[in-house]
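In: coordinates only, sequence not included:
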């Protein structure tokens, strides 16, 4: 079973400063990684999907994947107060059914 | 954009009662999933389905049943609800035919078992 851990648990940044979130996983054979955002009492919104080592940019969101280091990160450029939310890392399972394992999330607060 | 709709949005149940959470998706996805989200645990998979008539156990299936009567609908059933099942439940659907499958989530159902 894939083990997914996120750090930090919470992060506060000033508007306009770069926000960096980290995610480590236990099985480096996965090939499907997602970052989701969850605003309070709402569903999950996918931000970036990445399937191979390197970098993937979607607007102000950039994911970096290094499977040898079992690490995927999310960088948010010029964060805004509306980006305040919980960010979830999801890593696919390569065994049996198609499933994603989720980290516990990083709570991001962007202050004006 | 695929739509996943859950009902009810909020539910209060009594211990020992039966609870049914419903999910409907309109994008013709074959795969559907039920997760629960608890502080300190993240999202955990309860049951999933590959299509109409199929239900499979996820990582934490005990105390839950699932039903997939059609491509569009996937229900989660708590036959004898317990306070430990108080949680937020998310339904998701996805397209299994692609290696880059993504999940589309509903807005969640907040269940309180008293």
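Out: Alright, I've got the coordinates. Predicted model only: the values in this text are computed from it and were never measured.

In: contacting residues for the spatially most central residue of chain B?
Out: Nearest to the mean C-alpha position of chain B, by C-alpha atoms, centre = their mean, lies residue B:34 at 2.6 Å. Counting by C-beta atoms under 8 Å, 6 or more residues apart in numbering or on different chains, residue B:34 touches B:21, B:23, B:45-48, B:58, B:64, B:66, B:74, B:76, B:89-91. All C-beta spots, glycine's among them, are computed from the backbone N, C-alpha and C.

In: highest neighbour count among the residues you listed?
Out: residue B:74 (30 neighbours; other C-beta atoms under 10 Å in any protein chain shown).

In: what residues are up against the nearest residue to that one once chain neighbours are set aside?
Out: Excluding its sequence neighbours, the residue lying closest to residue B:74 (C-beta to C-beta, 6 or more residues apart in numbering or on different chains) is residue B:32, at 4.1 Å. By C-beta under 8 Å, 6+ apart, the residues touching residue B:32 are B:23, B:25, B:48-49, B:68, B:74, B:91-94.

In: just residue A:73 next, same as before
Out: Contacts of residue A:73 (C-beta under 8 Å, 6+ apart): A:20-23, A:63-64.

In: got it, and residue A:90?
Out: Counting by C-beta under 8 Å, 6+ apart, residue A:90 touches A:4, A:33-36, A:100-103, B:103.

In: so in that sheet, which strands flank the worst-scoring helix or strand of chain B on mean pLDDT, and in what orientation?
Out: Lowest on mean pLDDT, DSSP states H and E among the helices and strands of chain B sits strand B:103-105, with a mean of 87. Paired neighbours of strand B:103-105 in the sheet (DSSP bridges): strand B:87-94 (antiparallel).

In: tell me the gap between the least confident helix or strand of chain B and the middle of its chain.
Out: Centroid separation for strand B:103-105 versus its chain: 11 Å, with C-alpha atoms, centre = their mean, to the nearest Å.

In: before we move on, what about stretch B:10-18?
Out: Relative to its chain's centre, stretch B:10-18 lies at 16 Å (C-alpha atoms, centre = their mean).

In: next, the distance between the ends of that stretch.
Out: Terminal residues of stretch B:10-18 are spaced 15 Å apart (C-alpha to C-alpha, to the nearest Å).

In: in a helix, residue B:84, correct?
Out: Yes: assigned with DSSP: H, G, I helix; E, B strand; the rest coil, residue B:84 falls within a helix.

In: that older thread, could the contacts of residue A:73 go into CSV alongside secondary structure, neighbour count and pLDDT?
Out: Below are these laid out as CSV (DSSP: H, G, I helix; E, B strand; the rest coil; neighbours: other C-beta atoms under 10 Å in any protein chain shown; pLDDT from 0 to 100):
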residue, secondary structure, neighbour count, pLDDT
A:20, strand, 15, 98
A:21, strand, 22, 98
A:22, strand, 17, 98
A:23, strand, 25, 98
A:63, strand, 23, 97
A:64, strand, 18, 98
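
In: all set, thanks.
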